[in-house]
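K.L.:
compute the structure for the input listed below.
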Amino acid sequence: MADFKKQEIISQEEFPEDKRMDLTLRPKTLSDFIGQERLKDNLRVFIAAAQQRKESLDHALFHGSHGLGKTTLSYIIAQERGVDIKITSGPALEKVGDLAAILTSLEDKSILFIDEIHRLNRAIEEVLYPAMEEYAIDLVVGQGPSAKILRLNLPRFTLIGATTRPSLVSPPLRDRFGAVYQLNFYEVEEIKQIIIRSAKILGMRISSSAAQEIAQSSRFTPRVANRLLKRVRDYAQVKGKKEIDQEAARQALEMLEIDQSGLNQIDRKILEVLISKFNGGPVGIKTLAVATGEDIASLEEIYEPYLIQLGFLNRTSRGRVATELSYQHLNFKNKLC
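P.N.:
So this is what the prediction gives:
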């Protein structure tokens, strides 16, 4: 039904298919952007104040899980300001020259967006310091005793950094951002409205109950919701349905092994292993990874956050513990009760 593996469908990370879909579904203005209401209010003031002063925006840092809209909001800020935006990422900037080439190509008040900014190497990060503070970069020309430092002035640009790991952004870099914004997971009703909007853009007819069904399985993340919507559309099309109804949505999700709480096969496997092999825990993350056959990063970044949010899992100093809710969901009897 799709090129995605089942675990990739619910992953918050971006895949090639997401990039193609984002071009179509990405909102263009803050008014079109659903959710993150407090953040949007702050951005409106942030943008309006800079417009009134006719200045570039302060440098800003967005942090939050994958798929919540950090890149989209950066495009919207550029759109609202009427300026150009250049997009890159921490891992893509391998040499100082890579960053220098981008910085010197910027225009006045334009935006440079660096995704995964916590993955910048130290040498490149140090070049950013004077660029952010003084709008200039210092380049070393030549070698040995004859080497000279050449200072290049830059336009007054705005750096927007995005990270899923704010604790890994070095303090000197973090302190140079004038504004820091956190993106939170979405409410189910907000996800439902995003699904309805996306379906309209894609030319789909979808019932409110079907949108609700998909929203409940979306892991509170727009990127996952849009992926699921496309898979449900494929199913409804093959079944000859002119409208995506709740039955089609539920059957498509069942084919993807996603239950009505939004848990997929691996989510349930984690809880089942925790309960059946370790009496509900506590158990260390390394042991749990070995027992489930999943890597530690996937457990920590994809599965655990959702299980914790829904109340199926607790993370303690001694390890992971299954909650009473997980016993009930999987029809296990809690021996401690």
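K.L.:
quick one: Gly82 from Phe62, how far?
P.N.:
For Gly82, the distance to Phe62 under the criterion CB to CB, to the nearest Å works out to 20 Å. Every C-beta, even on glycine, is put in place using the N, C-alpha and C of the backbone.
K.L.:
these two: who's more crowded?
P.N.:
Here Gly82 and Phe62 are set side by side on neighbour count (other CB atoms under 10 Å), and the busier one is Phe62, at 26 against 8.
K.L.:
just checking, that one touches Leu183?
P.N.:
Yes: with the criterion set as CB atoms under 8 Å, Phe62 and Leu183 qualify as a contacting pair; they are 6.2 Å apart.
K.L.:
can you list residues touching both of these two?
P.N.:
70, 73 (CB atoms under 8 Å, 6 or more residues apart in numbering).
K.L.:
okay, now Gly67: neighbour count?
P.N.:
A total of 27 residues lie near Gly67 under the criterion other CB under 10 Å.
K.L.:
Glu294 versus that one, what's the distance?
P.N.:
20 Å.
K.L.:
and the helices in the stretch 201-337 of the chain?
P.N.:
For the stretch 201-337 of the chain, the helices defined by DSSP state H, counting those that start in this stretch cover 208-216, 222-238, 246-255, 265-278, 285-292, 296-298, 304-310, 324-329.
K.L.:
can you lay out those helices as TSV showing mean neighbour count, distance to Leu99 and mean pLDDT?
P.N.:
Putting the helices of the stretch 201-337 of the chain into TSV (neighbours: other CB atoms under 10 Å; distance: least, CB to CB, whole Å; pLDDT from 0 to 100) gives the following:
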stretch	mean neighbour count	distance to Leu99	mean pLDDT
helix 208-216	22	40	94
helix 222-238	22	28	90
helix 246-255	19	44	90
helix 265-278	19	38	88
helix 285-292	16	35	87
helix 296-298	12	27	83
helix 304-310	19	32	85
helix 324-329	18	46	88
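K.L.:
to Val45, which of the ones you listed lies closest?
P.N.:
helix 222-238 (23.8 Å; CB to CB).
K.L.:
could you give the angle of that closest one to helix 246-255?
P.N.:
Relative orientation of helix 222-238 and helix 246-255, computed by axes from the mean of the first three to the mean of the last three CA atoms, to 10 degrees: 110 degrees.
K.L.:
use 9 as the first number from now on
P.N.:
OK, 9 is where the count begins now, so the last one is helix 230-246.
K.L.:
send the alpha carbons of helix 230-246 over as PDB?
P.N.:
Extracted in PDB, the C-alpha atoms of helix 230-246 (Å, rounded to 0.1, in the frame of the first residue of the first chain):
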ATOM      1  CA  PRO A 230       1.000  16.600  11.800                       C
ATOM      2  CA  ARG A 231       3.700  14.800   9.700                       C
ATOM      3  CA  VAL A 232       2.400  11.400  10.900                       C
ATOM      4  CA  ALA A 233      -1.200  12.500  10.400                       C
ATOM      5  CA  ASN A 234      -0.600  13.500   6.700                       C
ATOM      6  CA  ARG A 235       1.200  10.200   6.100                       C
ATOM      7  CA  LEU A 236      -1.700   8.200   7.500                       C
ATOM      8  CA  LEU A 237      -4.200  10.300   5.500                       C
ATOM      9  CA  LYS A 238      -2.400   9.300   2.300                       C
ATOM     10  CA  ARG A 239      -2.400   5.600   3.300                       C
ATOM     11  CA  VAL A 240      -6.100   5.700   4.100                       C
ATOM     12  CA  ARG A 241      -6.800   7.500   0.800                       C
ATOM     13  CA  ASP A 242      -5.000   4.600  -1.000                       C
ATOM     14  CA  TYR A 243      -7.200   2.100   0.800                       C
ATOM     15  CA  ALA A 244     -10.400   3.900   0.100                       C
ATOM     16  CA  GLN A 245      -9.500   4.300  -3.600                       C
ATOM     17  CA  VAL A 246      -8.800   0.600  -4.000                       C
END
